[in-house]
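Student: mind looking at a prediction? Sequence and model below.
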Amino acid sequence: MPQINRIRVNNVKYNFGTQFYDDFVMRFSCKNSIYDLANGGGKSVLMLLLLQNLIPNCTLDDKQPIEKLFRAGSGNTTIHSLIEWKLDACDIRNGYRYMTTGFCARKAKETGADSEKNTETANIEYFNYCIFYKEFGENDLKNLPLMKGEERISYSSLKAYLRDLEKRDLGVEVKIFDRKGDYQNYISNYGLYESQWEIVRGINKTEGHVRTYFENNYKTTRKVVEDLLIEEIIEKATVVLAEEFEVEEVSITPEASLKDTLGLDSLDLVDVVVLVEQNFGVTLTGADFIGVATFKDFYELLHRKING
């Protein structure tokens with residue numbers, strides 16, 4: 001999993017517009033960190049905003065949807081949340097060592113029916129993006145031009161800027177996503193999985209929720225490890241199989257047929273056994289493949305073997 005280097009939250013007002021994150025930047029330097037805030041200091045808002053980089057349009061709980069930041073009287077127009085990640089060595093491509101993920105949202109245009117709804121929340125529209133760079137520069141997390149003096153960049157202007165940046169050769173690479181699924185599928189290639197961040201979201205639902213969350217969902221340490229391990233198995237197995245059998249990674253999905261997708265015959269199963277032993281340290285036999293039809297079945301087989 002990549003490490004968080006810096007975070008940035010821009011142009012966000014909360015508590016009916018009385019408090020705000022104007023252009024807040026925090027440096028973690030890829031280290032474990034503690035950020036201590038008094039009650040009412042904006043911890044929940046900050047966590048909610050940062051989670052939009054991993055689980056777009058998520059809530060902390062029913063009382064804290066992201067839409068609530070755009071309710072009547074909030075004063076919010078366009079809000080921004082960004083996380084800068086230092087990539088793992090195995091994920092560095094074309095020399096790009098850093099990836100900034102971003103979330104940009106605004107209140108959606110109201111229809112006649114929407115205007116009659118409860119003003120406690122508001123519909124929103126948003127997009128996510130990724131910017132890759134080798135070194136810090138004018139388009140890294142801190143310097144991305146979200147504001148100029150008192151003027152803030154608009155939703156459409158940021159998207160236009162990123163599209164232009166994507167076309168120009170400025171030592172960066174840009175990806176823009178309008179669909180949540182496409183975005184999450186893309187960042188999963190860099191070790192950022194929704195299931196893992198759902199755990200983070202769960203333990204931050206309310207004050208002191210950590211103990212309750214683990215008592216209800218993870219009664220043993222083994223259960224925590226197993227749930228996290230399955231995502232690592234899927235990631236590694238997908239890469240290894242795609243490379244060995246020369247297929248596109250996107251064709252390897254949980255419900256896809258293992259044999260049809262990889263073009264396996266009985267002899268090829270021997271290659272799969274060798275690959276598993278080399279990469280996962282466990283030994284499979286022909287009998288283990290009985291009942292294994294899909295990649296999901298195969299992942300679960302690996303999970304059982306690895307966990308004894």
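Tutor: Yep, it's here. Numbers count the residues shown, from 1 in each chain.
Student: please parse the chain into its domains.
Tutor: Split into domains by automatic domain parsing, the chain comes to 3-192, 218-306.
Student: what would the ones you listed look like in CSV with mean neighbour count?
Tutor: The way it works is simple: take the backbone N, C-alpha and C, and place the C-beta from them, glycine included. Formatted as CSV, the domains of the chain follow (neighbours: other Cβ atoms under 10 Å):
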stretch, mean neighbour count
domain 3-192, 16
domain 218-306, 14
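Student: out of these, which gets the lowest mean score?
Tutor: Lowest mean pLDDT within the domains of the chain: domain 218-306, at a mean of 83.
Student: show me where the stretch 101-250 of the chain has strands.
Tutor: Assigned by DSSP state E, counting those that start in this stretch, the strands in the stretch 101-250 of the chain fall at 124-133, 147-148, 151-152, 172-177.
Student: spit out the contact partners of residue 1.
Tutor: Going by Cβ atoms under 8 Å, 6 or more residues apart in numbering, residue 1 touches 88, 191-192, 196.
Student: one step back: relative to residue 58, which of the strands of the stretch 101-250 of the chain is closest?
Tutor: Closest of these to residue 58 is strand 124-133, at 11.3 Å (criterion: Cβ to Cβ).
Student: picking up where we left off before, turn the domains of the chain into a markdown table, columns for distance to residue 202.
Tutor: Formatted as a markdown table, the domains of the chain follow (distance: least, Cβ to Cβ, whole Å):
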| stretch | distance to residue 202 |
| --- | --- |
| domain 3-192 | 9 |
| domain 218-306 | 10 |
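Student: of the contacts of residue 1, which belong to helices?
Tutor: residue 196 (DSSP state H).
Student: export the contacts of residue 1 to a markdown table and append columns for distance to residue 6.
Tutor: Listed next are these as a markdown table, based on distance: Cβ to Cβ, whole Å:
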| residue | distance to residue 6 |
| --- | --- |
| 88 | 17 |
| 191 | 18 |
| 192 | 16 |
| 196 | 20 |
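Student: so which of the contacts of residue 1 comes closest to residue 252?
Tutor: Residue 252 has its nearest neighbour among these in residue 191, at 16.8 Å by Cβ to Cβ.
Student: quick one: secondary structure of the most centrally placed residue in the chain?
Tutor: Nearest to the mean C-alpha position of the chain, by Cα atoms, centre = their mean, lies residue 54 at 2.6 Å. Following DSSP: H, G, I helix; E, B strand; the rest coil, we place residue 54 in the coil state.
Student: many thanks, we can stop here.
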